[in-house]
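**Q** Next comes the sequence, and after it the predicted model I'd like to discuss.
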Amino acid sequence: MDTSTPEDAELQAQFDATVAADQRIEPRDWMPEGYRRTLIRQIAQHAHSEIMGMQPEGNWILRAPSLRRKAILLAKVQDEAGHGLYLYAAAETLGVDRDDLTQRLVDSRQKYSSIFNYPALSYADIGVIGWFVDGAAICNQVPLCRCSYGPYARAMIRICKEESFHQRQGYELLLAMVNGTDAQREMVQESVNRWWWPSLMMFGPPDGDSPNSQQSMAWGIKRHTNDELRQRFVDMTVPQAEVLGVTLPDPQLRWNPDRGAHDYGEPDWAEFKAVLAGSGPANAQRLAHRRRAHENGAWVREAARVHAEKQAARKEVAA
Amino acid sequence: MIPADDAPAAAEPAAGETPAAARRGWPLYEVFVRGKRGLNHVHVGSIHAADDEMALHNARDVYTRRNEGVSIWVVRADHIAASSPSEKDPFFAPSADKIYRHPTFYAIPDEVPHL
Amino acid sequence: MSPHAEEEDATNAYQSLSETAGIDDPRWAFGSGFEDVEAEIEAPLPAGVDAADLAEYCLMLGDDALVCAQRIAEWVSNAPELEEEVALANTALDLLGQARVLLSRAGHVEGAGRDEDALAYLRSEAQYRNVALAERGDDLDFGVAIARLLVFTTWRLALMSRLLDSRDPVVAAVAAKAVKELTYHREHAARWAVRLGDGTDESHRRMQAGLEAVWPFVEELFRTTDVERRLVAVGVAVDPADTRAEVDAVLDQVLAAATLTRPDRAPMGLLGGRGGRQGVHTEALGHVLATMQSLARAHPGATW
């Protein structure tokens, strides 16, 4: 920590007391540089994830199989743009700007959730993404509504509310599909098979392998360990899978009465690391898409800026 | 959602470190909404916009469902004067190397002159 | 699941704002926003109105909105800025909502048991009744997209504001909602046209090029079909030719503010006297429908 002077030590003590008392740190408060940098990284990556997450689902908007499903999906992907906006705004209170963060994303200098480096190959994926990915996001995010950094916590309150709506929508689509034709039921099972393990990986590596966690928990910007959240997700999902009549693709998955929780198999952490390192099925495509959209919009953003300057100058002349 | 991958922390930019040449984005606006009659306007977040009118439009699109009855204020973030919660603290003395101590948590866009 | 049950805090002003009665609280963006229009759709046919004519008219207005919404939705994850992402999606959602009610009404009036999805997904190009402007692609060029949106919403607002008193209660109800929505869309498009026209040299050139690209499709907007003529006589429809003066005036005003020039382009001609309203479309519509209908058609009898 940067406690190089007596003043710093005093400020650090105040900061620690605020966090310990479960009070919120606000943008203009003193904060340790490590806290600020960690928050910027976490919030920015969270924002990037929302924006990149628009792509796999956006892939199906034009082909949604009913007008109602089209409207639901369009509204959901729009929500993700909104979530990205809220989160970039929270990051900006820490003294970075959104253009800079966007540049870091398209230059591969900041990450986004690896789950979006998997392709959405069937319409069942739209339901399964809602059920698993949004479900996992809720496990991750609900505790962050009480995160020590005020702007982040407030953004999470609204985001969580909408995510739970998304998860219900996804599950409802799957219910309709498993009650439909054989082809639809097969589509759901096939999608579950593809998304289950990557969804478990969303919680990050096992606790023993997660070096940054301890500090983040002390700072109140992470409130549960990766394994705790993963367990919560598994326990929440198993009974939902039973209602749908789908099989989760893990032969080791069973209730353990001694632990009062489900035992489950080990995700393929080699795959996790490979996807993280850039060689997932869709990494290159996702980044290229985002970069292209950003670059194609440059002339539009510039035009609006120049027009605003012209208008301001005219106003000045008129005054 | 959060990329809970514990990816190694690439060096994050220090505040204000943005390379000026590349960053010519729209200014940041803070958004205040009066949810219903009888309530104060409350800060709900921020958006980027090229001018005031676009800011109102964007705020309405992002933060309300374009509800006619809702009143929205937008104000450029760099026009807000704000106190620092710890400024009465006798130990607090801004120093040039700790940017977050300065009233600059709203980055000032490059194109704003005279600031 | 109630994700923020543990977050109640009476002193949090932000939170008191976010407390809402339900998912669809109109103060907030994002949510389903679907209204139940079932009761209106079943409304009886107004006296003296031919059912086939009314069904056809609802298809015209509905297909315009559906095909245009599909085109706008191509912009998802491709918009020039995040705020614009949200704005374009709102516009597409509004038009899609109008289309759903109008197609449902068409199916009900037709009386052959077709619902909105049967009409949207199981008709061929020749059975679609939209104008060509709606199906015009933009190749993700924002200049073309804004030009199309400006002309389309200006014209549709002029139509809808004349349909507020339609004797068909569903057409009138759609018009009431659509006038508010389209006023906003037109404003949005007009402001962008001005920013781009009076922005940089490049944006001026590209906005002008966008106008040139959509201009050949303008003439069709004012052609009156026999169906419309008959429905005007019984107080259900509006003669699109009557909207021309208003559309011209609005566009002239926007173009002047944007320092743009009204294009001088030959209108796209008819094929054997027939155009979009008679089911003769540009080549573009086949691709729009091939994409839109592919999944639904691959699973006959499925429910989603």
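**A** Perfect, thanks for sending it.

**Q** switch to C-alpha atoms for all contacts and neighbour counts from now on
**A** OK.

**Q** after the helix or strand where C:Gln98 lies, next one along is what?
**A** If you go by DSSP states H and E, C:Gln98 is part of helix C:82-110. Downstream of helix C:82-110, the first helix or strand assigned by DSSP H and E is helix C:116-121.

**Q** Now the element after that following helix, going C-ward?
**A** Next along from helix C:116-121, by DSSP H and E: helix C:132-135.

**Q** Now that following helix: average pLDDT?
**A** Average pLDDT, helix C:132-135: 98.

**Q** ok now it, how far from the chain's centre?
**A** In terms of CA atoms, centre = their mean, to the nearest Å, the centre of helix C:132-135 is found 10 Å from the chain centre.

**Q** Is any residue of it near chain A?
**A** No. Helix C:132-135 lies out of reach of chain A by CA under 8 Å from any CA of the partner chain, never closer than 13.6 Å.

**Q** and that helix, what does it pack onto?
**A** helix C:51-73, helix C:142-161, helix C:283-298 (3 or more CA pairs under 8 Å, 6 or more residues apart in numbering or on different chains; DSSP states H and E).

**Q** cutoff 7 Å now
**A** Contact here means 3 or more CA pairs under 7 Å, 6 or more residues apart in numbering or on different chains; DSSP states H and E; on that basis helix C:132-135 packs against helix C:51-73.

**Q** quick one: the helix it packs on to helix C:283-298, angle?
**A** 100 degrees (axes from the mean of the first three to the mean of the last three CA atoms, to 10 degrees).

**Q** Now do helix C:51-73 against helix C:142-161, angle only.
**A** Inter-element angle recorded for helix C:51-73 and helix C:142-161: 150 degrees (by the same axes, to 10 degrees).

**Q** ok and helix C:51-73 relative to helix C:82-110, angle-wise?
**A** Going by the same axes, to 10 degrees, helix C:51-73 makes 160 degrees with helix C:82-110.

**Q** tell me the mean pLDDT over helix C:51-73?
**A** 98.

**Q** again, but for stretch A:260-269
**A** 97.

**Q** Which positions within it qualify as buried?
**A** Residues of stretch A:260-269 classed as buried by neighbour count (16 or more other CA atoms under 10 Å in any protein chain shown): A:His262, A:Asp263, A:Tyr264, A:Pro267.

**Q** Which one of the residues you listed is nearest to chain B?
**A** Of all the buried residues of stretch A:260-269, chain B sits closest to A:Pro267, with 13.6 Å by CA to the nearest CA.

**Q** and the closest one, how far is that from chain C?
**A** 27 Å (CA to the nearest CA, to the nearest Å).

**Q** Ok, A:Ala137 next?
**A** Distance from A:Ala137 to chain C, by CA to the nearest CA: 11 Å.

**Q** that older thread, which of the buried residues of stretch A:260-269 fall in helices?
**A** The helices, defined by DSSP state H, take in nothing from those.

**Q** Taking those residues, tell me the two that lie furthest apart.
**A** Pairwise distances across the buried residues of stretch A:260-269 peak at 14.8 Å for A:His262 and A:Pro267 (criterion: CA to CA).

**Q** where in chain B is pLDDT low?
**A** B:1-23, B:65-69, B:84-115 (pLDDT under 70).

**Q** swap the cut-off to 80 and go again
**A** Scanning chain B for pLDDT under 80 picks out the ranges B:1-24, B:35-37, B:65-70, B:83-115.

**Q** which bits of it sit near chain C?
**A** B:Gly35, B:Val42, B:Val44, B:Asn58, B:Asp61, B:Val62, B:Tyr63, B:Thr64, B:Arg65, B:Asn67 (CA under 7 Å from any CA of the partner chain).

**Q** how many other residues sit next to the closest residue to chain B within the stretch 201-304 of chain C?
**A** Proximity of the stretch 201-304 of chain C to chain B (CA to the nearest CA) peaks at C:Ser203, 14.8 Å away. Neighbourhood size, C:Ser203 [other CA atoms under 10 Å in any protein chain shown]: 23.

**Q** returning to that earlier point: filter the residues of chain B next to chain C down to the buried ones, ChimeraX style.
**A** Filtering those down to the buried ones (16+ other CA under 10 Å) takes a single ChimeraX command:
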select /B:35,42,44,58,61,62,63,64,65
